[in-house]
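Engineer: Got a sequence here, can you model it:
(3 chains)
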Amino acid sequence: MHESPQGATVGRVVETEAYFGPPGANPTLARRARHDAALAWVRANGDPASHSFRGPTRRNGVMFGPPGHAYVYLIYGLNECLNVSTGAPGDPQAVLFRALAPVAGEELMQKRRGVAGPRRLASGPGKLTTAMGVTRAHDGRDLTTPPLYLAAGARRRGRIGVGPRVGVTRAAHLPFRYWIEGDAHVSRR
DNA sequence: TGGCAGATTTTA
DNA sequence: AAAATCTGCCAA
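Structural biologist: Presented below is the predicted three-dimensional model:
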């Protein structure tokens, strides 16, 4: 949910990816058999695909701070990506929000996206931040309080798909991407 | 200090 | 398929 001067936009999270840190950290996920091997690998090798893998920088500093804060960075020179820090201070984990199903403020999302069509307004990490009006100005913000915050809500029925993270070349085998199976607003491959 | 790869999206 | 275009990282 983002309450901006332009209006409010709300989305239901339908796709995320998990990122961990350097070797020896404490990777934590819901207990699933297929994750046991992956988490053991991360404990030993760290997560080379994570921005925090090589230690703190000006860009990734939020990942090393307390959980529940926005980590927003620029990718490929033009798109911004929104993450939430999830590890305890010093444990640089984060979850990338890859796609939302619009719930409210669709007109504003369309305006921000510069499109007329009602569908697929936030089906990708860059499209998501554009639609929600999230920029690097939100980097470090507490995501538990307005204007930009996460709120508990009813979860859509359906299985949660699990697979490799998109666009990742290092540690490409790790199954840390999650999506609502069958949801039309998941990003396409 | 230069070169390049990168958690992407859009257009030809 | 390829451009747009910024950052962090590593080599020199």
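Engineer: for the residue nearest to residue A:25 when sequence neighbours are not counted, what are its contacts?
Structural biologist: Distance criterion CB to CB, 6 or more residues apart in numbering; nearest residue to residue A:25, sequence neighbours excluded, is residue A:91 at 5.5 Å. Quick note: C-beta positions are derived from backbone N, CA and C, even for glycine. For residue A:91, the contact set (CB atoms under 8 Å, 6 or more residues apart in numbering) comprises A:21, A:25, A:26.
Engineer: residues in chain A within reach of DNA strand B, list them.
Structural biologist: Where chain A comes near DNA strand B, counting by CB under 7 Å from any atom of the strand, the residues are A:17, A:19, A:49-52, A:63, A:71, A:75-79, A:81, A:83, A:94, A:96, A:113, A:124-128, A:130, A:165-170, A:187.
Engineer: Among the residues you listed, which are located in strands?
Structural biologist: A:17, A:19, A:71, A:75, A:79, A:81, A:83, A:94, A:96 (DSSP state E).
Engineer: Would you mind checking the residues of chain A next to DNA strand B for buried ones?
Structural biologist: Buried members of the residues of chain A next to DNA strand B, counted by 16 or more other CB atoms under 10 Å: A:17, A:19, A:49-52, A:63, A:71, A:81, A:83, A:94, A:96, A:124-128, A:130, A:165, A:168, A:187.
Engineer: give the contact list for the most far-flung residue of chain A relative to its centre.
Structural biologist: In terms of distance from the mean C-alpha position of chain A, residue A:116 ranks first, at 25.4 Å (CA atoms, centre = their mean). The neighbours of residue A:116, taking CB under 8 Å, 6+ apart as the test, are residue A:110.
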